[in-house]
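Q: just to be clear, the model below is a prediction. Sequence and coordinates:
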Amino acid sequence: MFRPVRVFSAPLLATLALLALTPLSQGQPRSFTPVAGEPTQGGERVALVIGNASYTRAPALKNPKNDASDMREALTRLGFHVVELLDGSRGTMEEALATFRQRATGAEVALVFYAGHGVEVSGANYFLPVEMPVRPTAAGFDMDNLAIPLTSVLDVMALAETQVVILDACRDNPFDGTAVETSSGGYAEVTSENAILVYGTAPGDTASDNADGRNGLFTEALLAEIHTPGLEIAELMRRVKARLRERTRYMEKPQDPWLALSAVLPFYFVPTDGIAGIERQPVTSVATWARDGKAAYLNGTYGQAEPLLLQAAEAGHVESQYLLGRIHLRGYEGAPSDAQEAAHWFSLASQQGLPGAQYFLAGLCGGGWGCPRDDARAADLYQRAAEQGLPEAQYRLGVIYEAGDRGRPQSLPEAIRWYRLAAEQGYNDAREALERLARSDRDARSALSSLD
């Protein structure tokens with residue numbers, strides 16, 4: 001079960017944003033230097049990082065280069081010797097793999113991280129080079145000669161003591177509309193002896209590229225945990241999974257990373273005794289920060305709540321992001337109201353689908369407070385919150401349609417529909433709006449009578 005670490009919801013041609021390497025001019029990877037001579041000495045930890053984003057004949061991706069660069073920095077700090085390639089062609093990817101084979105031979109750990117488009121075709125998994133065509137020729141697709149099979153990557157690492165493959169993949173379907181047959185979930189399951197395979201989502205699922213953020217959601221969660229000492233890979237992935245579930249719980253389908261183990265030896269990014277230069281921090285649960293911060297917020301002690309909520313919010317806890325926005329919107333002792341900071345936190349929580357955050361952000365965008373005025377965005381945010389059942393947003397959307405405001409056409413039937421939905425939840429302003437309209441409109445009278 002070979003599942004990449006970043007997730008795009010799309011049909012079967014899973015787009016993997018996995019291993020990120022840096023290209024040089026004239027087709028050479030910028031930070032890729034071939035290694036001549038003897039294989040790696042035993043005890044070394046080596047990594048190949050590839051990030052493919054600037055596809056010439058497939059949809060370009062936003063985050064694979066960031067994912068690759070941030071993973072390179074993290075792995076270097078953890079003592080890995082890293083080869084990096086960005087926007088690799090098939091030729092430069094093959095060259096990087098050949099060089100990495102030399103480094104991986106005899107290594108204690110060989111790790112590959114890939115971010116970019118990936119696909120499963122006829123039961124085989126492939127990483128797509130940036131020049132990969134998305135339309136078949138008269139002879140069809142010869143994937144083995146156009147893309148990089150995952151099996152080739154595993155073969156390159158076979159002589160290392162421990163092999164780790166991390167796949168963060170944007171898995172929408174660049175072959176959509178062609179005759180290429182792909183699986184519904186993106187990548188097929190793969191097993192390999194003495195290997196650890198880490199996927200950004202569970203088998204058969206798709207993943208989100210997090211287009212509004214710097215990193216894919218999986219890589220974001222992995223980077224937050226990777227420096228923690230004493231976490232064996234299975235425990236590390238449990239923590240990453242908890243972060244991802246919290247981060248995506250308001251999305252249509254939460255994202256669940258997946259781990260496949262055939263390795264006998266335990267694997268730690270940072271052993272219990274740590275690595276020189278990495279300060280060991282006490283492990284504090286995000287849930288604890290969120291719980292204590294919320295309790296302080298509900299008590300009205302905002303100065304005490306703010307630093308706790310900030311820690312949880314920076315770790316991706318959506319309710320903490322929302323409450324932090326509320327605190328900055330109203331201000332607290334010694335800290336005046338800050339609409340720009342409030343808009344920042346509401347925006348992050350809104351991206352995770354929290355309706356309350358969407359509602360408050362809509363108000364800020366509609367008034368130009370803390371962010372540029374944008375009537376269309378305000379209406380869209382109200383709509384997203386209203387569709388999730390937030391009565392305040394349903395009422396506001398009714399007001400917009402009644403007036404023909406925020407770029408929406410005037411529509412009394414739409415206004416009545418949203419007023420009725422809000423009134424059904426006991427929202428008094430919506431009921432009063434229906435009573436006002438019922439004096440002259442039969443549909444409004446009917447909607448009003450349905451409430452009784």
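A: Happy to help now that I have it.
Q: return the distance of V46 relative to M71.
A: 14 Å (CB to CB, to the nearest Å). Backbone N, C-alpha and C define where each C-beta goes, glycine included.
Q: again with V198
A: Applying CB to CB, one obtains 12 Å for the distance of V198 from M71.
Q: ditto for A379
A: 39 Å.
Q: which strand of this protein spans the most residues?
A: Looking only at the chain and at elements set by DSSP state E, the strand with the highest residue count is strand 109-121.
Q: next up, the contacts around G398.
A: 414-419, 422, 430, 433 (CB atoms under 8 Å, 6 or more residues apart in numbering).
Q: again, only this time at 7 Å
A: When contacts are counted by CB atoms under 7 Å, 6 or more residues apart in numbering, G398 touches 415, 418-419, 422, 430, 433.
Q: turn the buried ones among those residues into a named ChimeraX selection, would you?
A: Selecting the buried subset of these in ChimeraX, with 16 or more other CB atoms under 10 Å as the burial test, is done by:
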select :415,418,419,422,430,433
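Q: if we can go back for a sec, who has more neighbours out of A379 and M71?
A: Looking at A379 and M71 with other CB atoms under 10 Å, you find the greater number of neighbours at M71, namely 31 against 21.
Q: read off the pLDDT value for that one.
A: Predicted confidence (pLDDT) at M71: the value is 94.
Q: helix or strand for it, which one?
A: Taking DSSP states H and E as the definition, M71 sits inside helix 64-77.
Q: just how off-centre is that helix within its chain?
A: Centroid separation between helix 64-77 and its chain, computed with CA atoms, centre = their mean, to the nearest Å, is 15 Å.
Q: just want the angle from it to strand 109-121.
A: Interaxial angle of helix 64-77 relative to strand 109-121 (axes from the mean of the first three to the mean of the last three CA atoms, to 10 degrees): 160 degrees.
Q: residues in contact with helix 64-77?
A: Among residues not part of helix 64-77, those counted as contacts by CB under 7 Å, 6+ apart are 6, 17, 20, 47, 49-53, 82, 84, 86, 113, 115-116, 168, 214-216, 219, 223, 226, 278.
Q: quick revisit: a markdown table for the contacts of G398, including distance to H344, secondary structure and pLDDT?
A: Below are the contacts of G398 laid out as a markdown table (distance: CB to CB, whole Å; DSSP: H, G, I helix; E, B strand; the rest coil; pLDDT from 0 to 100):
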| residue | distance to H344 | secondary structure | pLDDT |
| --- | --- | --- | --- |
| A415 | 32 | helix | 96 |
| W418 | 28 | helix | 97 |
| Y419 | 32 | helix | 96 |
| A422 | 28 | helix | 96 |
| A430 | 30 | helix | 96 |
| A433 | 32 | helix | 96 |
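Q: ok, so of the contacts of G398, who is nearest M157?
A: Nearest to M157, judged by CB to CB, of the contacts of G398 is W418 at 56.4 Å.
Q: so where's the stretch 1-150 of the chain uncertain?
A: Along the stretch 1-150 of the chain, segments meeting pLDDT under 70 span 1-43, 123, 133-141.
Q: so which residues of it form strands?
A: 45-51, 81-86, 109-121, 124-127, 148-149 (DSSP state E, counting those that start in this stretch).
Q: good, wrapping up.
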